[in-house]
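Chemist: For reference, the sequence and a predicted model appear below.
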Amino acid sequence: MDLFPFLSTVWIYGINIGLHVISALIAFLVSFYGNKAYNLTNERKYKFFSLAFLLLGMAQIGRAIADTVLYQSLSAFPSYYTPKIDLFFLSHMAAIVLFLLGYLGFVIVYFDIKDKLLMFLMAALTFFAAVYGYSYLVKFDIIAVMLLSILFCFGYKNYLKKKSTNSMLVLAAFGLLLVSHILYMLLELNVRFYSIGNVLQLAAYSALLLMLSRIK
């Protein structure tokens, strides 16, 4: 990834760190309410929903760590290539894996997949497709867009069927997540797309937190 276009907007990464931390906290709250809903209803979907958001919260922490390393390194440019670069890539790769597993958790929930072998194969194929070889960040966002497009279509059909507030919140959340990853793919055009994408993810998590908090 070419870092030079980002030097004039290094301060944006400081903002993004805060957005990732807030998103992580909200994701953990969603995970908590998902587990609470599971205990109240004993419905399997809330168990996986809770696990998915636990993974997404951890992914946001991973991105916060990566952006912290990047922010500190770019601030001290040209001494960017320091031993901390290993931490940057490690945290970024961990975030990618956790994001994809979280999104696969949603697919498992909404398509009611129960075969454990199939779950494992889906996770393995998605992981290797995203991280094997070059341009892993681009491949990650492409796979995320594909998964979220499927989830958005499902959410849209579910909303047309139920026309409820909760189904609308789920649809909005998947739509926001989908747009966020499209913006991440356009990062090289404008670094601000990264911040906008982070704001959209925070809004998506907030919508799902509101949805789960409405379950009595």
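Modeler: Received it, and whenever you're ready, just let me know what you need. Model, not experiment: these values are computed from the prediction. Numbers count the residues shown, from 1 in each chain.

Chemist: F48 touches V107, doesn't it?
Modeler: No. Between F48 and V107 there is no contact under CB atoms under 8 Å: 9.6 Å. For every residue, glycine as well, the C-beta is placed using N, CA and C.

Chemist: quick one: which of these two has more around it?
Modeler: A direct count of neighbours by other CB atoms under 10 Å for F48 and V107 places F48 higher, at 22 against 19.

Chemist: How many residues are close by the closest residue to that one other than its chain neighbours?
Modeler: With sequence-adjacent residues excluded and distances taken as CB to CB, 6 or more residues apart in numbering, F48 is closest to V109, at 4.7 Å. Other residues near V109 come to 21 when the count uses other CB under 10 Å.

Chemist: Check the secondary structure at V109 for me.
Modeler: In three-state terms, and counting by DSSP: H, G, I helix; E, B strand; the rest coil, V109 is helix.

Chemist: Which strand or helix spans the spatially closest residue to E43 that is not a sequence neighbour?
Modeler: Once flanking residues are discounted, E43 sits nearest to A37: 7.4 Å by CB to CB, 6+ apart. Secondary structure from DSSP states H and E places A37 in helix 11-41.

Chemist: In that helix, which residues are buried?
Modeler: Within helix 11-41, the residues that qualify as buried are 12-13, 15-17, 19-24, 26-35, 37-38, counting by 16 or more other CB atoms under 10 Å.

Chemist: got it, and stretch 111-126?
Modeler: Neighbour counts over stretch 111-126 (16+ other CB under 10 Å) mark M119, M122, A123, T126 as buried.

Chemist: So which of these belong to helices?
Modeler: M119, M122, A123, T126 (DSSP state H).

Chemist: which among those residues gets closest to R214?
Modeler: Nearest to R214 among those is M119, at 28.5 Å by CB to CB.
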